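> requesting a structural model of the entry that follows:
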Amino acid sequence: MRQVTLTFLLLFLALSGSAQTSQREQFQNANVSYDWVVNHSGQQLRTFITRPKAAAAKVPVIFFVGWLSCDSMEYPDPNTRDGFGIFMRRLIDESGYATVRMDKPGVGESQGDCSKADFNSEMEGWQAAFAALGKYDFIDPDRVFVVGLSNGGGFSPLAVGGHPVRGFVSAGSWGRTWYEHMLELERRRLTAQDKSPAEVNASVKAFADFYNLYLVKSMTPGQVITQHPEWKSLWYDTPDGQYGRPAAFYQQLQALNLGEAWQKVNAPVLVIRGGADDIMSRADSETIAQIVNQAHPGRARYLEVAGMDHGFTVKGKFHDDLVPLVTAWMREQLR
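Numbers count the residues shown, from 1 in each chain. Below is the predicted model of the structure:
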């Protein structure tokens, strides 16, 4: 009986271990480890560090800065259909570089509540994660690349906390004010709903005042609507936030001066945008390259991929040329 019990116990532990392992990332050419950083609020934020299996000396590193939504940067499913996940997993397995990612407050194993976390608490986490690069003896601190995805590609120079890097890649991102981004997004959204040009213009005029009160004057959408009930039919999200984040998050985005942040960047910059991206417009993305090149001529390159959407897919399929393009650009900067 004791032997039977022991056998079942060992089987249970083995199965439990397998189940736990299956929920973690595995790569053919890299080992992944898990760590923590702490933001100023004292929240522990989960970090993911990968090291190439073939690394015999210090290697370059890719520091990923993530998107706006409350989705994890961990992708345990090797067959994920998420474009961001495919992009990161392939860079991890094919670049030969180390990588570092972080889950923002309230995402995955990170402490906090993402639906209530403001942008500043998230930024503190990115800066802490970047500062922690020095603790890993296999990372070459002189060969650091920063890859910003979507929202993260806009503020990525701030995420590095002033530390020098070898290059920035900004994919599907923004370099203007959040107010400008949202007005253009609202126009595209309304136009896609087959509203008449007159209806679109009238709504955008109202949104111009709505977003001024919301983003600039620091009112919640609910407070704006209470003050202007005639705009109630315009608003399509919650009274206290938008896209799953609190109003303060977007007000802090609006407070950023990305023109100042990018004009200080003297490292090479690759800006990538899909021609079919309906989230970040060409003006949103191209502005980054324009700012860098105005301050440091020739340092930034803007690349638009025909037919690619915000999730790096063309006609529903991940754009396979994207990863080789990015790795070739990084190796060019190292030469």
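
> can you give me the helices for the stretch 201-335 of the chain?
If you assign secondary structure with DSSP state H, counting those that start in this stretch, the helices in the stretch 201-335 of the chain sit at 221-227, 247-255, 258-263, 282-295, 322-334.

> using a markdown table, lay out those helices together with mean pLDDT and distance to residue 42.
(Each C-beta comes from the backbone N, C-alpha and C, glycine too.) Conversion of those to a markdown table gives the following (pLDDT from 0 to 100; distance: least, CB to CB, whole Å):
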| stretch | mean pLDDT | distance to residue 42 |
| --- | --- | --- |
| helix 221-227 | 98 | 30 |
| helix 247-255 | 98 | 19 |
| helix 258-263 | 98 | 27 |
| helix 282-295 | 98 | 33 |
| helix 322-334 | 98 | 35 |
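
> residue 67: which of those is closest?
Go through the helices of the stretch 201-335 of the chain one by one with CB to CB and the one that ends up closest to residue 67 is helix 247-255, at 12.7 Å.

> list the buried residues for that closest one?
Judged by neighbour count using 16 or more other CB atoms under 10 Å, the buried positions of helix 247-255 are 247-254.

> same for that helix, what does it pack against?
In this structure, helix 247-255 makes packing contacts with helix 119-131, helix 178-192, strand 241-242, judged by 3 or more CB pairs under 8 Å, 6 or more residues apart in numbering; DSSP states H and E.

> pull the residues that contact that helix.
Identification of contacts with helix 247-255 by CB atoms under 8 Å, 6 or more residues apart in numbering yields 117-120, 122, 151, 155, 177-179, 214-216, 218-221, 240-242.

> could I have the buried ones of those residues as ChimeraX selection syntax?
What follows is the ChimeraX syntax for the buried subset of these, where burial is set by 16+ other CB under 10 Å:
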select :117,118,119,122,151,155,177,178,179,214,215,219,220,221,241,242
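
> please name whichever of the helices of the stretch 201-335 of the chain is nearest to residue 162.
From those, taking CB to CB, the stretch that ends up closest is helix 258-263, at 10.5 Å.

> quick one: list the elements packing against that closest one.
helix 151-159, helix 282-295.

> report the angle between the axes of the next helix or strand after the shortest one and helix 282-295?
So that's helix 151-159. Beyond helix 151-159 in the direction of the C-terminus, DSSP states H and E gives the next helix or strand as strand 167-171. Going by axes from the mean of the first three to the mean of the last three CA atoms, to 10 degrees, strand 167-171 is angled at 160 degrees with respect to helix 282-295.

> and residue 254, how far from residue 240?
Using CB to CB, to the nearest Å, one obtains 16 Å as the distance from residue 254 to residue 240.

> just to revisit the earlier point, possible to save the helices and strands packed on helix 258-263 as TSV with distance to residue 168?
Listed next are those as TSV, based on distance: least, CB to CB, whole Å:
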stretch	distance to residue 168
helix 151-159	6
helix 282-295	9
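
> and of those, who's closest to residue 77?
Closest among the helices and strands packed on helix 258-263, once you apply CB to CB, is helix 151-159, at 21.6 Å.

> circling back: out of the helices and strands packed on helix 247-255, the one nearest residue 226 is which?
Short answer: strand 241-242, nearest of these by CB to CB, at 15.6 Å.

> now do the strands in the stretch 1-150 of the chain.
The residue ranges that make up the strands of the stretch 1-150 of the chain, judged by DSSP state E, counting those that start in this stretch, are 30-38, 44-52, 59-65, 98-102, 139-149.

> what's the angle between the second one and strand 139-149?
Relative orientation of strand 44-52 with respect to strand 139-149: 110 degrees, computed using the same axes, to 10 degrees.

> OK, contacts around residue 98?
Residue 98 sits next to 49-52, 55, 59-62, 136, 138-139 when contact means CB under 8 Å, 6+ apart.

> quick one: least confident of those residues?
Minimum pLDDT across the contacts of residue 98 is recorded for residue 55, with 91.

> what's the neighbour count on the residue nearest to residue 262 when sequence neighbours are not counted?
In space, and not counting its chain neighbours, residue 262 is closest to residue 291: 4.2 Å by CB to CB, 6 or more residues apart in numbering. Other residues lying near residue 291 total 22 when counted by other CB atoms under 10 Å.

> and residue 131, which of the helices of the stretch 201-335 of the chain is closest to it?
Shortest separation from residue 131 across those is recorded for helix 258-263, at 17.7 Å, computed as CB to CB.

> pull the CA atoms of the closest one into PDB?
Output for helix 258-263, consisting of C-alpha atoms alone and laid out as PDB, is shown next (Å, rounded to 0.1, in the frame of the first residue of the first chain):
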ATOM      1  CA  LEU A 258       7.900  62.800 -27.400                       C
ATOM      2  CA  GLY A 259       9.400  65.500 -29.600                       C
ATOM      3  CA  GLU A 260      11.900  66.300 -26.800                       C
ATOM      4  CA  ALA A 261      12.500  62.600 -26.100                       C
ATOM      5  CA  TRP A 262      13.300  61.600 -29.700                       C
ATOM      6  CA  GLN A 263      15.300  64.700 -30.500                       C
END
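
> ok, residues contacting that helix?
Applying CB under 8 Å, 6+ apart, the set of residues contacting helix 258-263 is 154-155, 157-158, 174-177, 269, 288, 291-292, 294-295.
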